[in-house]
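>>> Predicted model, plus sequence, below.
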Amino acid sequence: WVFRRKWAATIVVSSFTFITPVSSSMVAPATLQIAGEFGVTNTAIIAMMTSVFVLGFGKPSRLSDTHFESDSH
């Protein structure tokens with residue numbers, strides 16, 4: 001790999017790694033506001049909102065990894 005391409009890949013991967021915790025940290029304090037906007041009053045659902053949001057980051061990549069692994073065998 002060319003030196004610039006290595007750094008470009010490093011920056012892209014680092015950005016994705018940084019964005020996940022930052023975005024969940026931004027959503028967590030706003031959970032009650034988001035619940036109010038969508039009319040959610042159940043406390044269990046409100047508590048799950050951030051968890052589902054964070055799970056959404058990991059689940060698609062795991063599904064695509066499994067898909068690509070099964071194609072290579």
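Received it, and whenever you're ready, just let me know what you need. Numbering: from 1, shown residues only.
>>> neighbours around the closest residue in space to Thr50 that isn't next to it in sequence, how many?
Here the nearest residue to Thr50 in space, its sequence neighbours aside, is Ala28; by Cβ to Cβ, 6 or more residues apart in numbering that works out to 5.0 Å. Every residue, glycine included, has its C-beta placed from N, CA and C. If you count neighbours by other Cβ atoms under 10 Å, Ala28 ends up with 13.
>>> Same question for the one 4 residues further on.
Per other Cβ under 10 Å, the neighbour tally for Leu32 reads 11.
>>> And the average pLDDT for stretch 18-25 is what?
The average pLDDT within stretch 18-25 is 80.
>>> State the distance from Pro29 to Val52.
Look at Pro29 and Val52: by Cβ to Cβ, to the nearest Å, they are 16 Å apart.
>>> what about whichever strand or helix holds Ser51, average pLDDT?
Element membership of Ser51 [criterion: DSSP states H and E] is helix 43-72. In this model, helix 43-72 carries a mean pLDDT of 69.
>>> next one: stretch 3-14
92.
>>> right, and Thr50 touches Ala30 too?
No - look at Thr50 against Ala30 with Cβ atoms under 8 Å: they stay out of range, at 9.4 Å.
>>> Those two - which one has more neighbours?
A count of neighbours by other Cβ under 10 Å puts Thr50 above the other of Thr50 and Ala30, at 17 against 12.
>>> so who does the more buried one touch?
By Cβ atoms under 8 Å, 6 or more residues apart in numbering, the contact set of Thr50 is 24, 27-28, 31.
>>> What is the most widely separated pair among those residues?
Largest separation among those by Cβ to Cβ: Ser24 and Thr31, giving 10.5 Å.
>>> Chain neighbours aside, what residue packs nearest to Ser24?
Closest residue to Ser24 in three dimensions, ignoring its sequence neighbours and counting by Cβ to Cβ, 6+ apart: Val54, at 4.8 Å.
>>> For the one you found, give its distance to Gln33.
The separation that Val54 has from Gln33, given Cβ to Cβ, amounts to 18 Å.
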